[in-house]
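*Asks:* Pasting the sequence and the predicted model now:
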Amino acid sequence: MLELAILGFLAEAPLPGHELRRRVSQLTGYTRPVSDGSLYPAINRLTKAGLIERRADPAAGAARYVLSLTAAGRADMLQRLREPADHEITDFTRFYIVLAFLSHLPDVTEQHAVLRRRLEFLEEPASFFYDKDRPLRAEEITDPYRRGMLLTARATSRAERTWLREALGEKPPAFDTAGTESDRRPPAAPAS
C-alpha cells in the first residue's frame, strides 16, 4: 500500500522526497507510521522498475531531487486501483489508501466495481468473537470492552455502508435506516 500511496501522490504532481514523505505520513501515519527505512527503499524499487523517475531539483540544488510518475507508473497505479487484492478490500486501512486515489480511475464503472466489492464484504455477517462458527452480536457479549468493540464496529460499518450505497447511487435497505439490522462485518483491524 505504501507503493500505491507513492504512485497516487505522484499522479497528482511531481514532488520532492521530503514532501512525498509528509503526504504519505499524513495519510497513513496514525495507523502505520512511515519511516525513512520503508519509504526510501520503496522509492528505489519503483525507480528501478521504471514507475517513477528521480531528477535533481534545480531550485534546491543537486543534493535534492524531485520524483515524478512515468507513463508505466501511471498504468501500474491504475491497474492497482482497478483490481485491488482481496486484503486491500477487507483491511480497513488498506482500503482507505485505495479510496484516497480511486478518483484517478477515469471510468466511473471501474470505480463503482471497487466500491461494490467493499460493500459486499461489509454486508457479510461477522464479528470479532464467535460461538463456534456463529458470529456473536454485541448484545450477547457481557464483557463491557468487547461489547464496546462490537458496538463501535457496528456503527462504523453502518456509516461506511450508507456512504458506499450513496456513492453507488443506491438506496439503503429498510433495515439499515430502521436500525434493526443484525451485525455485519466490522472493519478489519489493520494488518501488522
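*Replies:* The structure has been received and is ready for your questions. These figures come from a predicted structure and were not determined experimentally. Numbering: from 1, shown residues only.
*Asks:* list the contacts for Val34?
*Replies:* For Val34, the contacting residues are Leu2, Arg21, Val24, Ser25, Thr28, by C-beta atoms under 8 Å, 6 or more residues apart in numbering. Yep, even glycine has a C-beta here, placed from its N, CA and C like the rest.
*Asks:* er, Glu3 I mean
*Replies:* By C-beta under 8 Å, 6+ apart, the contact list for Glu3 reads Ala42, Arg45, Leu46, Arg80.
*Asks:* Now do the SS call for it.
*Replies:* For Glu3, the assignment made with DSSP: H, G, I helix; E, B strand; the rest coil gives helix.
*Asks:* Report pLDDT for it.
*Replies:* You'll see Glu3 listed with a pLDDT of 94.
*Asks:* that older thread, now intersect the contacts of Val34 with the helices, please.
*Replies:* Secondary structure from DSSP state H places Leu2, Arg21, Val24, Ser25, Thr28 of the contacts of Val34 in helices.
*Asks:* what about Phe128, distance to Thr142?
*Replies:* Distance of Phe128 to Thr142, computed by C-beta to C-beta, to the nearest Å: 15 Å.
*Asks:* who has more neighbours, the two?
*Replies:* Here Phe128 and Thr142 are compared on neighbour count by other C-beta atoms under 10 Å; more neighbours surround Phe128, at 13 against 6.
*Asks:* quick one, what contacts that one?
*Replies:* Contact partners of Phe128, counting by C-beta under 8 Å, 6+ apart, are Arg146, Met149, Leu150, Ala153, Pro186.
*Asks:* and which of those residues is nearest Ile6?
*Replies:* Ranked by distance to Ile6 (C-beta to C-beta), these are led by Pro186 at 29.2 Å.
*Asks:* picking up where we left off before, show the buried residues in the contacts of Glu3.
*Replies:* For the contacts of Glu3, a burial check counting by 16 or more other C-beta atoms under 10 Å picks out Ala42, Leu46, Arg80.
*Asks:* okay, the first one: pLDDT?
*Replies:* At Ala42 the predicted local confidence, pLDDT, stands at 93.
*Asks:* just the second one next, same as before
*Replies:* At Leu46 the predicted local confidence, pLDDT, stands at 97.
*Asks:* Please tell me how far it sits from Leu67.
*Replies:* The span separating Leu46 from Leu67 equals 9 Å under the rule C-beta to C-beta.
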